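Participant: Okay, sequence plus prediction incoming.
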Amino acid sequence: MTIDEVPSDVRAGAAALAPPQPMRRGSVGERFMKCGKPTCACHVEAEARHGPYVVLTRGVEHTTRSRFLSPAQAVVARAQVARAAEFRERLEQYWQACERWADAELEAAAAEADAAKKGASQTRSRRRSRRKSRRS
């Protein structure tokens, strides 16, 4: 197959996926927490909890993994998560273009099979006589 046989939307999708870039799965959010001092107000009142702390969270092998981030790291991590979302969108568009191409290939194969059937001679089935019952 030559590159000219590949549909233009599939080529464009592959080109959009090609440039490597730092990205990550997960989400960046803020968390308020209780401290380790049992006499602190954060243990009694939810409004008194400490924070906000910026946390990067993602699922890994059926568990949730979290990582605390500094404000500078939070900016970078948010950009990485946004790039990952854009990548997933481009990947979905690429999949859809490839599936349209695959559907067109199936339709072409079906059309070829139909064209081959039209020119073929039909064999007729031979008529069989009825079997006689053994009871008579």
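Facilitator: Received the coordinates, thanks.

Participant: Just checking: what are the partner strands of the longest strand along the chain?
Facilitator: When every strand of the chain is counted residue by residue (DSSP state E), the longest turns out to be strand 50-60. Strand 50-60 has the following strand partners under DSSP bridges: strand 27-33 (antiparallel), strand 63-69 (antiparallel).

Participant: out of these, nearest to A82?
Facilitator: Closest to A82 of these is strand 27-33 (C-beta to C-beta; 9.5 Å). In this view, the C-beta of every residue, glycine as well, is placed from N, C-alpha and C.

Participant: residues of that closest one that come out buried?
Facilitator: V28 (16 or more other C-beta atoms under 10 Å).

Participant: Residues in contact with it: which ones?
Facilitator: With C-beta atoms under 8 Å, 6 or more residues apart in numbering as the test, strand 27-33 has contacts from 42, 46, 49-58, 66, 69, 74, 77-78, 81.

Participant: elements contacting the worst-scoring helix or strand of the chain on mean pLDDT?
Facilitator: Here the helix or strand of the chain ranked lowest by mean pLDDT, DSSP states H and E is helix 8-17, holding a mean of 86. The helices and strands touching helix 8-17, judged by 3 or more C-beta pairs under 8 Å, 6 or more residues apart in numbering; DSSP states H and E, are helix 71-119.

Participant: for the helix it packs on, packing partners?
Facilitator: Checked by 3+ C-beta pairs under 8 Å, 6+ apart, helix 71-119 has helix 8-17, strand 27-33, strand 50-60 packed alongside it.

Participant: just so I know, which of the ones you listed lies nearest A116?
Facilitator: Among those, helix 8-17 sits nearest to A116 (C-beta to C-beta), with 27.9 Å.

Participant: For that closest one, give me every contacting residue.
Facilitator: 3, 87, 90-91, 93-94, 97-98, 100-101.

Participant: what about R67, how many neighbours?
Facilitator: 13 (other C-beta atoms under 10 Å).

Participant: if I look at it, how far off is V81?
Facilitator: 13 Å (C-beta to C-beta, to the nearest Å).
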